[in-house]
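[1] predicted model follows, preceded by the sequence.
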Amino acid sequence: MKQRKRLPKYVTEFHDRHGKSRVRFRRKGQTSYYFKSAPWSPEFMQEYQACMEGRAAPRIEPGADRTVPGSFSVLIVKYYRSAYYLDQRASTRATYRGILERFRREYGDRRVATIQKRHIVAILARKADTPSAANNLLRMLKILMKVAKDCEIRKDDPTADIKSRKITGDGFHTWTEEQIAAFAQVHKIGTRARLAFSLLLYTGQRRSDVVRMGYQHIEGEYVQVRQQKTGTSLKIRMHPELQKVLARTPRDNLTFLTTGFGKPYTPAGFGNWFRDCCNQAGLRQCSAHGLRKAAARRMAEAGCTEEEIKSVTGHKTSREVSRYTKAANQVLLSDNAMAKVTKAEKVSNLPKRLDKTNSK
């Protein structure tokens, strides 16, 4: 007798009260799902994958059954179960959830149907000192209103005519060469701080990527990166200084960087720790992300094209690159520009042709 193939994890088969055989996905923290296709068929595997990803069997939100009907808390739960949320990357979902849960704690019981434009403007006005936070909240409220319209909780969108705040300044401070030298003077090669500093500066990656790097990502003279935020795959030639630092780095951990307890860092934990390292060097305005911007600045000052810079940083558009290279040394760039013009004039003999024109 042919042995029946075992069902996948979290899947069971049973007979309901009518004697009908049914196959169910049941996993703690998620709603149950009853399969429509025969086990192990291609359609069944698609359904199973959707359950594992939380699309077919959405995550159960704690306290959802205690929320006020028609409130923002209910709407936020609906959003967490929608494609607007589930189709995002895990890192993006974590960011969005953080914004919404802060909003939910303060305004969760307010009714979605009765909120007006003036109410939202007033809520955003309370974040006048943090325009980026206000813009992030507005973006999330606009998405929530799409969900509200999809669910027929509202027919209009009170956020439609509300514009984002204009952001002044350049965001995270871009490290100068003097600040880079000051950090290196305090944190010598062989220290954890210098290792983190070198990975950030010489790969140009985000902290969420740096904390996951290990020897398994080194291939000859290259470091391979799959960016957590965008999914972009990069292969970057290692700077000689980074090679020198890695030569002093033990091979006894999965990641280059570990906490004092030998565990990998979380991006947030790493950022806080590196912030302390900057303070120890007297660089209170500097941060981990500022080194990513410094890497882009250095490439711009070296005369790299936008495409060359994007091949390292992983940026997709020129607009993104321009934000990072805005701090490039204007004098150095102008020197490079005029040197190129002078070189072109010598090759084309342009000055002599001008003299002939002027003599007529």
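    Okay, I see it.
[2] can I see the domain layout of the chain?
    Per automatic domain parsing, the structural domains of the chain span 11-52, 72-150, 177-328, 330-360.
[3] which stretch among those domains comes nearest residue 167?
    Nearest to residue 167 among the domains of the chain is domain 72-150 (5.6 Å), distances taken as CB to CB. Just so you know, the C-beta spots here come from the backbone N, C-alpha and C atoms, and that holds for glycine as well.
[4] which element is residue 109 on?
    Residue 109 belongs to no helix or strand when assigned by DSSP states H and E.
[5] that one against residue 71, yeah?
    Yes: Residue 109 is within contact range of residue 71, at 5.3 Å (criterion: CB atoms under 8 Å).
[6] in this structure residue 270 contacts residue 257, no?
    Yes: look at residue 270 against residue 257 with CB under 8 Å: they come within range, at 6.9 Å.
[7] just to revisit the earlier point, what about residue 109 and residue 71, which has more around it?
    Ranked by neighbour count (other CB atoms under 10 Å), residue 109 and residue 71 place residue 71 first, with 18 against 12.
[8] how near is that one to residue 340?
    62 Å (CB to CB, to the nearest Å).
[9] for residue 97, grab phi and psi.
    phi -60, psi -40 (degrees, to the nearest 10).
[10] mind listing the shared neighbours of residue 270 and residue 257?
    Taking CB atoms under 8 Å, 6 or more residues apart in numbering as the contact rule, residue 270 and residue 257 both touch 196, 210-211.
[11] which of those residues count as buried?
    By neighbour count, with 16 or more other CB atoms under 10 Å, the shared contacts of residue 270 and residue 257 hold 196, 210-211 as buried.
[12] got those as JSON lines, with distance to residue 329 columns?
    Output for those, formatted as JSON lines (distance: CB to CB, whole Å):
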{"residue": "196", "distance to residue 329": "25"}
{"residue": "210", "distance to residue 329": "25"}
{"residue": "211", "distance to residue 329": "30"}
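[13] want to throw the domains of the chain into JSON lines with distance to residue 165 and mean pLDDT?
    What follows is the domains of the chain, written out as JSON lines (distance: least, CB to CB, whole Å; pLDDT from 0 to 100):
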{"stretch": "domain 11-52", "distance to residue 165": "37", "mean pLDDT": "87"}
{"stretch": "domain 72-150", "distance to residue 165": "4", "mean pLDDT": "91"}
{"stretch": "domain 177-328", "distance to residue 165": "17", "mean pLDDT": "92"}
{"stretch": "domain 330-360", "distance to residue 165": "28", "mean pLDDT": "67"}
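[14] thinking again about what came up before, ok, the buried ones among the shared contacts of residue 270 and residue 257 vs residue 221, which is closest?
    Within those, proximity to residue 221 (CB to CB) peaks at residue 210, which comes in at 18.6 Å.
[15] where do the strands sit along the chain?
    With strands called from DSSP state E, the chain shows them at 11-15, 21-25, 33-34, 218-219, 222-226, 233-237.
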